[in-house]
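J.: I'd like to go over a predicted model; first the sequence, then the structure.
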Amino acid sequence: MGELLFRRRAAKILVVDDNQDGAALLAELLISRGYHAVPVQHAADAENEIRRDPPDLILLDVVMPGKSGYELCRELKEDPATRLIPIVMITGLTDRQDKLRGIEAGADDFLNKPIFPEELFARVKSLLKIKEFTDELETAESVLCTLGLSVEARDPYTEGHCERLARHASDLGRHIGLSDESIVALRRGGYLHDLGKIAVPDEILKKGSNLSPEEWQLIKKHPITGENICKPLKSLRLVLPIIRYHHEHSDGSGYPDGLVKGEIPLLPRILQVVDVYDALRTSRPYKPALSHDETAMTMRAEAGFGLWDEELVDEFFAMLHKHRQVA
């Protein structure tokens with residue numbers, strides 16, 4: 001069998017400079033080092049190119065007609081789809097205030113004109129290495145989320161469960177005013193909360209009810225298993241409590257740790273509420289699906305008995321009513 005050689009894709013660098021000659025020169029320097037450089041002259045052209053094929057790094061001139069480099073940088077860093085792309089701001093300005101504006105806009109680094117090639121190459125190499133690590137983390141998270149969906153796929157009665165939980169949990173987090181970081185964690189938690197069930201045999205997972213004591217003990221271990229699978233990724237630190245504690249009850253009757261309301265963190269309590277709603281609204285071999293109104297009555301009654309967070313249950317149904325998101 002012939003030996004196959006695989007060549008890594010050249011890193012794409014977008015050069016944004018209204019000076020056509022300056023943009024072309026930078027692009028030529030980068031191409032000489034093996035990078036795929038694309039020069040554009042205006043912010044609008046840059047936005048179109050980023051939508052068409054996102055770059056690995058952006059070299060961005062500060063002073064441009066129309067939308068400035070500061071404005072474009074700020075918009076890209078505020079957009080979840082582009083905020084992880086490193087941006088190097090290029091400026092002929094030396095005023096300290098101008099650099100502060102760049103920092104406030106979210107720039108990752110700066111280069112002053114005139115640009116010295118070796119300095120350019122050093123900055124580019126360093127930031128691309130960071131971007132590579134970031135991409136690897138995102139890939140690892142995607143693999144784990146795919147594993148979470150594979151657990152769902154083992155049970156035909158839970159189709160779409162993870163996606164619904166991810167949507168409702170992040171919507172509820174946004175509704176009660178949580179940070180963007182917490183909202184992202186809730187969305188990830190929707191996909192990863194039952195990841196530990198990957199270690200539970202199909203015959204037990206699909207049984208649903210009438211579990212033996214030994215089978216029930218195995219089921220109760222899945223939050224710890226899921227937490228251990230995700231623990232090596234520091235980027236999932238806010239998701240770990242969701243995975244471990246989403247089966248805890250406010251009255252202490254949950255698992256795996258028997259926590260009571262004041263001990264259960266907020267994010268797991270949020271996912272717990274939307275998980276219960278989805279379970280009640282879904283038919284299973286051992287139970288019919290409840291209507292939205294029946295589910296609301298049941299969950300409010302159970303919250304009153306100490307199972308769920310009463311305030312979050314009220315907020316959840318208020319959110320569904322406000323946005324008419326009855327599923």
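T.: Looks like it came in fine. Residues are numbered from 1 along each chain as shown.
J.: can we go C-alpha only for contacts and neighbour counts from here?
T.: Noted.
J.: what's the closest non-adjacent residue to the residue nearest the centre of the chain?
T.: For the chain, the residue nearest the mean C-alpha position is residue 184 (4.7 Å; Cα atoms, centre = their mean). Leaving out its chain neighbours, the residue that sits closest to residue 184 by Cα to Cα, 6 or more residues apart in numbering is residue 170, at 7.0 Å.
J.: now the element after the helix or strand containing the one you found, going C-ward?
T.: Take DSSP states H and E as the rule and residue 170 turns out to sit in helix 161-175. Once the chain leaves helix 161-175, the next helix or strand it forms, by DSSP H and E, is helix 180-192.
J.: quick one: mean pLDDT over the very next helix or strand once past that following helix.
T.: Counting by DSSP H and E, the next helix or strand C-terminal to helix 180-192 is helix 202-205. Averaged across helix 202-205, pLDDT comes to 81.
J.: buried residues, helix 202-205. List them.
T.: Within helix 202-205, the residues that qualify as buried are 204, 205, counting by 16 or more other Cα atoms under 10 Å.
J.: show residues contacting it.
T.: Applying Cα atoms under 8 Å, 6 or more residues apart in numbering, the contact partners of helix 202-205 are 154, 155, 197, 211, 215, 219.
J.: now those residues: which count as buried?
T.: Neighbour-count burial (16+ other Cα under 10 Å) is assigned, among those, to 197, 215, 219.
J.: burial count for residue 246?
T.: 25 (other Cα atoms under 10 Å).
J.: nearest residue to it in space, please, no chain neighbours.
T.: On the basis of Cα to Cα, 6+ apart, the spatially nearest residue to residue 246 that is not a chain neighbour turns out to be residue 268, at 4.8 Å.
J.: surely that neighbour is in contact with residue 240?
T.: No. Using Cα atoms under 8 Å, residue 268 is not in contact with residue 240, being 9.3 Å away.
J.: show me what the host helix or strand of residue 279 packs onto, helices and strands only.
T.: Secondary-structure assignment from DSSP H and E places residue 279 in helix 266-281. Here helix 266-281 touches helix 161-175, helix 180-192, helix 240-245, helix 292-304, helix 310-323, going by 3 or more Cα pairs under 8 Å, 6 or more residues apart in numbering; DSSP states H and E.
J.: A strand includes residue 59, no?
T.: Yes. Assessed by DSSP: H, G, I helix; E, B strand; the rest coil, residue 59 belongs to a strand.
J.: distance of it relative to residue 107?
T.: Using Cα to Cα, to the nearest Å, residue 59 is found at 10 Å from residue 107.
J.: report the set of residues contacting both of these two.
T.: By Cα under 8 Å, 6+ apart, residue 59 and residue 107 have these common neighbours: 87, 88, 89.
J.: hmm, back to that, pick out the lowest-pLDDT one from the contacts of helix 202-205.
T.: Within the contacts of helix 202-205, residue 155 has the lowest pLDDT, namely 69.
J.: before we move on, what SS does residue 219 have?
T.: Secondary structure, three-state DSSP: residue 219 is helix.
J.: likewise for residue 110?
T.: Assigned with three-state DSSP, residue 110 falls in the strand class.
J.: how many residues are close by it?
T.: The tally of other residues near residue 110 (other Cα under 10 Å) stands at 19.
J.: ok, it - contacts?
T.: 88, 89, 90, 91.
J.: just confirm the first one is within a strand.
T.: Yes. When three-state DSSP is applied, residue 88 is found to be in a strand.
J.: in the stretch 151-300 of the chain, where is pLDDT below threshold?
T.: Scanning the stretch 151-300 of the chain for pLDDT under 70 picks out 155-157, 208.
J.: sorry, back to before: dump the contacts of residue 110 into a markdown table; add pLDDT and distance to residue 77 as well.
T.: Formatted as a markdown table, those follow (pLDDT from 0 to 100; distance: Cα to Cα, whole Å):
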| residue | pLDDT | distance to residue 77 |
| --- | --- | --- |
| 88 | 92 | 12 |
| 89 | 90 | 13 |
| 90 | 88 | 17 |
| 91 | 82 | 19 |
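J.: residues of the biggest helix by length in the chain that come out buried?
T.: Secondary structure of the chain per DSSP state H: the longest helix is helix 117-153. Residues of helix 117-153 classed as buried by neighbour count (16+ other Cα under 10 Å): 120, 124, 127-128, 131, 137, 141, 144-145, 147-149, 151-152.
J.: what's the lowest-pLDDT member of these?
T.: Ranking the buried residues of helix 117-153 by pLDDT, residue 137 lands last with 65.
J.: what's the burial count for residue 81?
T.: 11.
J.: for it, give me the pLDDT.
T.: Predicted confidence (pLDDT) for residue 81: 82.
J.: wait, a helix at it?
T.: No. Secondary structure assignment places residue 81 outside any helix; it is coil (three-state DSSP).
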